[in-house]
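Enquirer: Requesting a structural model of the entry that follows:
(chains A, B, C and D)
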Protein chains: 2
Amino acid sequence: MPYARVRADRSTHYGHRRRLTGANVADARQAMYRQVAADLRHAITDGAYGSGGRLPAESALAEAYGVSRGTIRQALSVLRADGLVTSRRGTRRVVLGTARVPTFRESLSFTRWARSIGEEPGGRVVDIARVPADEVEREQLRLEAGDHVYRVLRVRTLSAVPVMVERTVYPERVGEIVAACDPAAVSHTVPMEERGVVITDAHHTIDVTGADEDDSRLLGCRVGDALLRERRRSTDPAGSPVEWAEDRYLPGTIAFAVHNSAAASSLSRRPAL
Amino acid sequence: MPYARVRADRSTHYGHRRRLTGANVADARQAMYRQVAADLRHAITDGAYGSGGRLPAESALAEAYGVSRGTIRQALSVLRADGLVTSRRGTRRVVLGTARVPTFRESLSFTRWARSIGEEPGGRVVDIARVPADEVEREQLRLEAGDHVYRVLRVRTLSAVPVMVERTVYPERVGEIVAACDPAAVSHTVPMEERGVVITDAHHTIDVTGADEDDSRLLGCRVGDALLRERRRSTDPAGSPVEWAEDRYLPGTIAFAVHNSAAASSLSRRPAL
DNA sequence: TAGTGGTCTAGACCACCGG
DNA sequence: CGGTGGTCTAGACCACTAC
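Expert: Numbering: from 1, shown residues only, chains lettered A, B, ... in the order given. Have a look, this model is predicted:
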């Protein structure tokens, strides 16, 4: 009975408000559909339904959680986007996989990601400079001619072993925060968040490139050796660019995992320039 | 006035049904929210709002399209998943980018993708065999011991130049379709669809690997040279695995583009094995 | 044919952003 | 403060699947 969890919480915290209408039931702590989604997610990754198994009907879930069918559907759409379940007319939803799906924040921060898999992350700023933005940077960060950016070159480690070189360009207001960090700071994401810089969207391009002299020196490979490259433009809730980054990984250290579906795509091939 | 388009279509096809209740208005051809999403998508990629510009309010769109706010929100959630717009409480949605986002089907089929960018795709089956599934294949395709699979080795070309080697494993019912194709058939996806094999979900893992002897011979590179690798497990609407594929691209030919957001993630790093 | 998820409506209250 | 998107409800009809 996976859905007992949320119900218990709710009768404790909000039970007396059950009869109220509108959205006042939610938002108090977290949206109801998120609680339901989290609950079902745990049930699925715990194998409560098995791989290829069927979920209860929406109507059954609605009754069990004491919410409307719309709220249940909202919760399930989260799980569908993560690739945990399919759905189609006529039959109950089917569990596609039981693997845990990292949160968005884990997917953006090398530090959080490393810790989530039990590794010891490290980082060292090799070079940082405040310079006028070039044309590409102005385009990517949506800046005006004459605006300045911070360019940061940094090597990232797992258990003290270098695995990735990170070249990030920040608009001035964000770069100032990074520039104030200790060069050996493990995370830049955390100080940024503490200063109110929030990332809600990211565009990624993944391909292969050859190591240059910086890469060679920092990663201990030869110039020209192939590296897995991720380029990323991240934006805040207002849609303003927060960073433009190019990460280069030693082969064999990491892989990128993506899910897409007819309902929500998000992955595509692109000609490599 | 981007939203004039759908309205015109609708008054032509369904205008007389406007007053009906329930979902009978939709489904007839395509869901209303999909029409609205497609219309807004075109408006955005045509630059009608500019990059960083604001969309009309949901209420305004609802009135303009003659549908409820819920339907508009459903349409906008599609665009948000594609990374075309942000959204947050308090302000209108903002356009994140104006680049066209490929459809899910384009993202799965090398042939469709190549044509969508104006390239001439080709393919040649180098080897195909029906064999008992090994342990990994049984796991990936959710098969029983003793079940057979088809293993297909194929080289893919753009303008007759080899760019990718494809190793695909199919369960028997799908493999039979592929085995019946001309070895030089440009597309396997199309015959599969004609026989009722539909793919609705795909899990991808992207990393770098070294070329083996087959890759070397077919792509004209040296053994050990780095290739961009995509491994993919695709499932049908019922959640049954349809294929398990490993594609290896010559560096510099293609890149993968992904969007993710706090609202709908789907991208993650993984330790390489 | 019964049960399922897909689509749509009409209305409500709220948190949040900006002027 | 008004306007915006976020959340939730209650109900309806339908397309589709599986038996």
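Enquirer: how many neighbours does whichever residue of chain A sits closest to chain B have?
Expert: Nearest to chain B, among the residues of chain A, is A:Ala226, at 3.1 Å (Cβ to the nearest Cβ). Glycine gets a C-beta too; all of them are placed from N, C-alpha and C. For A:Ala226, the neighbour count with other Cβ atoms under 10 Å in any protein chain shown is 21.
Enquirer: for A:Arg89, same thing?
Expert: Neighbours of A:Arg89 under the rule other Cβ under 10 Å: 5.
Enquirer: Find me the pLDDT at it, would you?
Expert: According to the prediction, A:Arg89 has pLDDT 94.
Enquirer: likewise the one 5 residues further on?
Expert: According to the predicted model, the pLDDT of A:Val94 comes to 96.
Enquirer: Assign the residue in the stretch 151-273 of chain A that DNA strand D sits nearest to to helix, strand or coil.
Expert: Nearest to DNA strand D, among the residues of the stretch 151-273 of chain A, is A:Pro237, at 9.2 Å (Cβ to the nearest atom of the strand). What DSSP: H, G, I helix; E, B strand; the rest coil gives for A:Pro237 is coil.
Enquirer: That one: neighbour count?
Expert: Other residues within reach of A:Pro237, judged by other Cβ under 10 Å, total 17.
Enquirer: what's it in contact with, if anything?
Expert: A:Pro237 sits next to A:Val198, A:Thr200, B:Thr86, B:Arg88 when contact means Cβ atoms under 8 Å, 6 or more residues apart in numbering or on different chains.
Enquirer: how far away is A:Ala81 from A:Val101?
Expert: 9 Å (Cβ to Cβ, to the nearest Å).
Enquirer: thinking again about what came up before, can you flag the buried ones in the contacts of A:Pro237?
Expert: Among the contacts of A:Pro237, those classed as buried by 16 or more other Cβ atoms under 10 Å in any protein chain shown are A:Thr200, B:Thr86.
Enquirer: now the contacts of A:Pro237 as JSON lines including distance to DNA strand C?
Expert: As requested, the contacts of A:Pro237 are exported to JSON lines (distance: Cβ to the nearest atom of the strand, whole Å):
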{"residue": "A:Val198", "distance to DNA strand C": "9"}
{"residue": "A:Thr200", "distance to DNA strand C": "11"}
{"residue": "B:Thr86", "distance to DNA strand C": "12"}
{"residue": "B:Arg88", "distance to DNA strand C": "6"}
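Enquirer: Could you work out the most separated pair of the contacts of A:Pro237?
Expert: Within the contacts of A:Pro237, A:Val198 and B:Thr86 form the most distant pair, 11.6 Å apart (Cβ to Cβ).
Enquirer: Using the three-state scheme, assign A:Arg156.
Expert: Classification of A:Arg156 using three-state DSSP returns strand.
Enquirer: Report the beta-bridge partner residues of the nearest residue to it once chain neighbours are set aside.
Expert: Leaving aside its chain neighbours, A:Arg156 sits nearest to A:Met164 (4.3 Å; criterion: Cβ to Cβ, 6 or more residues apart in numbering or on different chains). Beta-bridge partners for A:Met164, by DSSP bridges, are A:Arg156, A:Tyr249.
Enquirer: Isn't A:Met164 up against A:Ala245?
Expert: No - A:Met164 is not in contact with A:Ala245 according to Cβ atoms under 8 Å; the separation is 10.9 Å.
Enquirer: ok so A:Arg233 is a strand residue?
Expert: Yes - counting by three-state DSSP, A:Arg233 is found in a strand.
Enquirer: Spit out the contact partners of it.
Expert: Counting by Cβ under 8 Å, 6+ apart, A:Arg233 has contacts A:Gln140, A:Ala202, A:His203, A:Pro241, A:Glu243, A:Trp244, A:Ala245.
Enquirer: can you tell me which of these are in strands?
Expert: Among the contacts of A:Arg233, the members found in strands (DSSP state E) are A:Ala202, A:His203, A:Pro241, A:Glu243, A:Trp244, A:Ala245.
Enquirer: Report how many residues lie close to the second one.
Expert: In other words, A:His203. For A:His203, the neighbour count with other Cβ under 10 Å is 22.
Enquirer: Check whether it really touches B:His259, as I assumed.
Expert: Yes - A:His203 is within contact range of B:His259, at 5.4 Å (criterion: Cβ under 8 Å).
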